[in-house]
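Chemist: Requesting a structural model of the entry that follows:
(chains A, B, C and D)
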There are 2 protein chains.
Amino acid sequence: MVQYTAARLDASFGALADATRRGVLEQLERADASITQLADAFEMTLTGMKKHVGILEAAGLVITEKVGRVRTCRLGRRGLAEEAAWIERRRRLWEARFDALDEVVEELTRKEKARGRRKR
Amino acid sequence: MVQYTAARLDASFGALADATRRGVLEQLERADASITQLADAFEMTLTGMKKHVGILEAAGLVITEKVGRVRTCRLGRRGLAEEAAWIERRRRLWEARFDALDEVVEELTRKEKARGRRKR
DNA sequence: GTTATAGTGAACCAGATGGTTCAGTATACG
DNA sequence: CGTATACTGAACCATCTGGTTCACTATAAC
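Modeler: Okay, here's the model as predicted:
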């Protein structure tokens, strides 16, 4: 699952659109953790935290493994490559667009000044 | 508004978690557009599209200006800098974490092989 | 074998989301 | 002036979200 780009971006941006889930990811950067540990860290019920982990897992950002009665969560190896690529693409194109706009503004300003010199 | 990081990331990742809204951004990369044009392009009611634009605007990704009866939408200058930074940070830290893990695995593999040589 | 721990699943809740329709208002056009 | 266009706002709808509680299962620990 989480394979076609549009659905994948829906899932992962959706997963990132929540401060608790972003916090969980940052937590897992430091160390793998059980559901209980995460629930404690974010002052939430086990059930609530399990839902968050489920969303992160469905988005492919986290993987979990249950050993005995403990489910350990760790960062998914897939990471955020696709998301980063999408955003970077936007940034590059937007900047190009803004630069073009800036030129127009500059041009107008130059003409305005020239007109000012002539008229005033 | 859209100023403090956590709330800003909530808003912008939330805005990006929808294919229509991502599509609108890509559309605006090519040219500014009115609500009507966007609604047509995405086969949606005016009202529906206005809501999407509202969400993008609240996230600071789009700015709009109404002249006469037409509201023109364009890309917001703020762009996706903060979002890109957050994601890139994650990527760098995750890679470091995976590299560390890889070393452990490699170490174990090496030991395993050495043991194999001795015993077999 | 009893008890404590870790997680799971179902059901519920209030509020958000993604859409619609319908009834306006404001502006442009002839 | 009268009509068409472009948007706006309110209300409604089904579904999803983020959270809870409660009842249950599976595993550890004594």
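
Chemist: what about residue A:63, which SS state?
Modeler: When classified by DSSP: H, G, I helix; E, B strand; the rest coil, residue A:63 comes out as strand.

Chemist: you'd agree it is up against residue A:76?
Modeler: Yes. Counting by C-beta atoms under 8 Å, residue A:76 is a contact partner of residue A:63 at 4.9 Å. Yep, even glycine has a C-beta here, placed from its N, CA and C like the rest.

Chemist: Overlap in contacts, those two.
Modeler: Among the neighbours of residue A:63, those also in contact with residue A:76 (C-beta atoms under 8 Å, 6 or more residues apart in numbering or on different chains) are residue A:57.

Chemist: more neighbours, these two?
Modeler: residue A:76 (19 against 14; other C-beta atoms under 10 Å in any protein chain shown).

Chemist: which bits of chain A sit near chain B?
Modeler: When proximity is defined by C-beta under 8 Å from any C-beta of the partner chain, chain A lies next to chain B at A:6, A:9-10, A:13-14, A:16-19, A:22, A:25-26, A:29, A:75, A:77, A:79-81, A:83-84, A:86-88, A:90-91, A:93-95, A:97-98.

Chemist: Which ones among these map onto helices?
Modeler: A:6, A:9-10, A:13-14, A:16, A:19, A:22, A:25-26, A:29, A:81, A:83-84, A:86-88, A:90-91, A:93-95, A:97-98 (DSSP state H).

Chemist: so how far is residue B:22 from residue A:56?
Modeler: Taking C-beta to C-beta, to the nearest Å as the measure, residue A:56 falls 20 Å from residue B:22.

Chemist: Compare these two (neighbour count), which wins?
Modeler: Counted by other C-beta under 10 Å, residue A:56 and residue B:22 do not tie: residue A:56 has more neighbours, with 26 against 19.

Chemist: What's the per-residue pLDDT of whatever residue of chain A ends up closest to DNA strand D here?
Modeler: Relative to DNA strand D, the nearest point of chain A is residue A:68 (2.1 Å; C-beta to the nearest atom of the strand). For residue A:68, the model assigns a pLDDT of 95.

Chemist: And residue A:107, by the same measure?
Modeler: Here, the pLDDT recorded for residue A:107 equals 66.

Chemist: Residue numbers of chain A in contact with DNA strand D?
Modeler: A:14, A:17-18, A:20, A:44-45, A:47-48, A:51-52, A:55, A:67-69 (C-beta under 7 Å from any atom of the strand).
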